[in-house]
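S.K.: next come a sequence and a model predicted from it.
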Amino acid sequence: LVQEVADNNALLQTDRGFYIRGGALSIDAHWPELGFEYVLSSGANLTVNNGNTLTLSPGLTLKFWPSTDWNNDGDFLVSGTLIAVGEPGRPVTLTSLRDDTVGGDTNGDGINSDPHAGDWGQLTLTDAGESRLEYVNLRFGGGANDGRCCAQPRAAEAMLTIDSPEAPTMGHMAVEHSQSAGATVAISGGDPWGVTDALFNENGGTGLILRGQNAPITLARIEAAANGEDGLLTDSAGTQELSDIRASNNGRHGLRISTAGRVTLEDSEISGHGMGTGLVVSDAAVDSRIDQVSISGARIVASVIPNVVETLTHGNLLEDTERGVYIRAGAVTADFLWPKRAYDFVVHSDAHIAVGAGAELTIQAGVVLKLGASRDWQTDSNFSIHGRLTAVGTPEAPITITSIHDDAAGGDTNGNGVDTAPL
């Protein structure tokens, strides 16, 4: 009845908003922006049934009553289609009832309450191919209360959770202040999809998690800053095209990439991450490319598979490299060069590097390659050569392969001063 009441009646004294009781939308509906906020009642969920479409007008604000004690977080559950398309300066906003920065003091308590991460639950889309999320802001959700007073609450989910055969259209979004991850998007179908022009900032978990199958994924003009875990995580089997990524000061890693397909990462900046790694590439096709990327301020500047070392170390600005560039376990499957740089290369502890048959690895004169020390039951780091290794130093610039504990070559790469010595 929301559209019927809003369209056909004069609503006065709406400072406290237009309250919506929980329930399911079983018809197609359009909710207009009429100068007041919509408020989902305490403990209620809003559902859009399969086969139905809900359209939210530009400038519309939907506020969720914050959960208290064991009350259920308000969730927005979309099995049908959601068209939430705002405009520049007039976004569609989903936020906490306590958030006075959008739509004013809707709960009428002046300055006596502030919004908090987890005040409401999730926007969830499960069959999203026809949905659109453009010029949309999501704030202060990601809560995990489910109404059970005496049992363990459900595991926290991302404030925006999409699990669908096809992806919605996503762009010009801001997903911020979630108690858990900002957004998790898992697409099982094969059509190309992606996210453009979006912010994922100050969320309790990872800012944005993308998971897919063989479909190409595009990320462009994305900012992920000050999240509690990683800035961005991509995990798929298809190609990934990433450009103009800005990841800064996240609690763990800046950008984590894994795919069986080709990765292109260009024109991006990764900064901060003093407790983690700037860039992690745990899987990627042999023809992957990294270009015009700046990485600085991380505890470890980068940790990548062997086939990505050459493209990482050419045409990119790597700073704060005292801990070296880390090389993960994997195979060299084509001809690659590991160049001499002002930093060491470090093979992860317990990692095996294999130069495959028909491939050649060339290590330049002057390279220092340190192998992580095994701990407890771990196996030693090691190389196996099934193809060709060309490692030719000079009297002035020998190639050194040694322990991570060996500060005599390349300096104190493990950053522990005199606390360890090579054995």
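M.R.: Yep, it's here.
S.K.: wait, residue 210 touches residue 185, no?
M.R.: Yes: with contact defined as Cβ atoms under 8 Å, residue 210 and residue 185 form a contacting pair (5.2 Å). (Glycine included, C-beta is placed from N, CA and C.)
S.K.: joint contacts of these two?
M.R.: Both residue 210 and residue 185 are in contact with residue 195, where contact means Cβ atoms under 8 Å, 6 or more residues apart in numbering.
S.K.: what ranges do the helices span in the protein?
M.R.: Ranges of helices in the chain, per DSSP state H, are 2-8, 309-312.
S.K.: hey, least reliable of those by pLDDT?
M.R.: Looking at the helices of the chain, the lowest mean pLDDT belongs to helix 2-8 (a mean of 49).
S.K.: now do the end-to-end distance for stretch 119-132.
M.R.: Using Cα to Cα, to the nearest Å, the span of stretch 119-132 from its first residue to its last is 24 Å.
S.K.: so which bits of it are buried?
M.R.: 119, 120, 121, 122, 123, 124, 125, 127, 128, 129, 131, 132 (16 or more other Cβ atoms under 10 Å).
S.K.: farthest-separated two in those residues?
M.R.: Largest separation among the buried residues of stretch 119-132 by Cβ to Cβ: 119 and 129, giving 29.8 Å.
S.K.: how far does stretch 82-89 sit from the chain's center?
M.R.: Stretch 82-89 has its C-alpha centroid displaced from the chain centroid by 23 Å (Cα atoms, centre = their mean, to the nearest Å).
S.K.: straight-line length of that stretch, end to end?
M.R.: The separation between the terminal residues of stretch 82-89, taken as Cα to Cα, is 20 Å.
S.K.: show residues contacting it.
M.R.: 48, 53-56, 58-60, 92, 125, 128, 131-136, 168, 172.
S.K.: mind running it again at 7 Å?
M.R.: Here stretch 82-89 makes contact (Cβ atoms under 7 Å, 6 or more residues apart in numbering) with 48, 53-56, 58-59, 92, 125, 131-136.
S.K.: quick check: buried residues in it?
M.R.: Going by neighbour count (16+ other Cβ under 10 Å), the buried part of stretch 82-89 is 82, 83, 84, 85, 86.
S.K.: same check, this time on stretch 311-321
M.R.: For stretch 311-321, the neighbour count (16+ other Cβ under 10 Å) marks 311, 312, 313, 316, 318, 320, 321 as buried.
S.K.: any idea of the pLDDT on residue 72?
M.R.: Among the per-residue scores, residue 72 holds a pLDDT of 67.
S.K.: likewise for residue 297?
M.R.: At residue 297, the model reports a pLDDT of 97.
S.K.: torsion angles phi and psi at it?
M.R.: phi 80, psi 0 (degrees, to the nearest 10).
S.K.: so who does residue 224 touch?
M.R.: By Cβ under 7 Å, 6+ apart, the residues touching residue 224 are 200, 201, 207, 208, 231, 232, 247, 250.
S.K.: which ones among these lie within strands?
M.R.: 200, 201, 208, 232, 247 (DSSP state E).
S.K.: distance of the nearest residue to residue 121 once chain neighbours are set aside from residue 208?
M.R.: Leaving aside its sequence neighbours, residue 121 sits nearest to residue 73 (Cβ to Cβ, 6 or more residues apart in numbering; 3.4 Å). Using Cβ to Cβ, to the nearest Å, we find residue 73 at a distance of 21 Å from residue 208.
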